[in-house]
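Visitor: just a sequence and a predicted model for now, questions to come.
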Amino acid sequence: MEQLNKLMDADLLALLKHGNEEAFVAIYHRYWECLLNAAYQRLRSREDAEEVVQEVFVNLYLRRNEIEPKSSLAAYLKTALKYKVIDMYRLQQLHYKHIDNLIAETQVDPQAVDEELAIKEFKLSVLSACQKLPQKCREVFIMFRFEELSHKEIAHRSAISVSTVKKHLHKAMFFLREELKGSKTFLILIFLFFCVKLMGL
């Protein structure tokens with residue numbers, strides 16, 4: 001391993017393409033910290049930054065036989081990171097759009113609470129709570145709940161395992177349940193988001 005750490009990036013990539021997993025580990029250790037710092041500067045969340053960088057390396061490994069960097073491996077990884085961050089921003093906008101659509105379709109019993117105030121409280125509570133979820137949890141949750149993708153489809157699109165998809169969905173469920181417990185929107189949230197689909201996890 002020590003000898004691999006002394007190799008140039010091009011040599012490590014060549015070894016990786018031939019199935020040398022230690023070469024991948026060497027690349028991982030060489031670039032993990034600098035990519036993590038770059039991701040954190042953009043996302044301002046350590047957990048989100050770690051997940052983004054992890055995705056970059058997962059994709060590097062899965063596509064190792066296809067990669068032909070135009071300049072350098074470092075430049076390739078930084079470009080991949082940039083697009084992952086952009087994808088996050090797009091998913092956040094999609095998330096807000098789906099929440100708005102959900103609010104518009106939600107019918108609140110006027111006998112229980114004032115409808116306009118209930119909808120406003122529901123929207124603010126859900127938006128506030130979801131913003132606190134790690135990015136990958138939000139991404140998986142949106143694909144599962146709103147795009148209605150299966151666990152396998154989410155795993156394939158996100159380059160993660162089915163078990164990891166389930167873990168993210170459970171994490172989102174328990175986090176939002178605790179975050180909104182005691183509020184007027186809690187029962188509505190549980191019914192709309194979790195009761196039917198999460199029973200199959």
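Guide: Now that the structure is in, tell me what you want to look at.

Visitor: quick check: residue 43 touching residue 51?
Guide: No: under the criterion of Cβ atoms under 8 Å, residue 43 makes no contact with residue 51, lying 9.4 Å away. C-betas here are computed from N, CA, C, even on glycine.

Visitor: who's more crowded, these two?
Guide: Shown here are residue 43 and residue 51; by other Cβ atoms under 10 Å, residue 51 has more neighbours (22 against 18).

Visitor: can I assume the more buried one is in contact with residue 133?
Guide: No: here residue 51 does not reach residue 133: they are 11.3 Å apart, not a contact under Cβ under 8 Å.

Visitor: buried set for stretch 130-142?
Guide: 130, 133-142 (16 or more other Cβ atoms under 10 Å).

Visitor: residue 154: which of those is nearest?
Guide: Set against residue 154, the nearest of those by Cβ to Cβ is residue 140 (5.8 Å).

Visitor: residues contacting that closest one?
Guide: Residue 140 makes contacts with 154, 158, 165, 168-169, 172, as judged by Cβ atoms under 8 Å, 6 or more residues apart in numbering.

Visitor: now do the shared contacts for residue 43 and residue 51.
Guide: Contacts common to residue 43 and residue 51, judged by Cβ under 8 Å, 6+ apart, are residue 135.

Visitor: check which helices and strands the helix or strand containing residue 34 sits against.
Guide: Residue 34 belongs to helix 21-43 when assigned by DSSP states H and E. Judged by 3 or more Cβ pairs under 8 Å, 6 or more residues apart in numbering; DSSP states H and E, helix 21-43 is in contact with helix 9-17, helix 46-62, helix 73-105.
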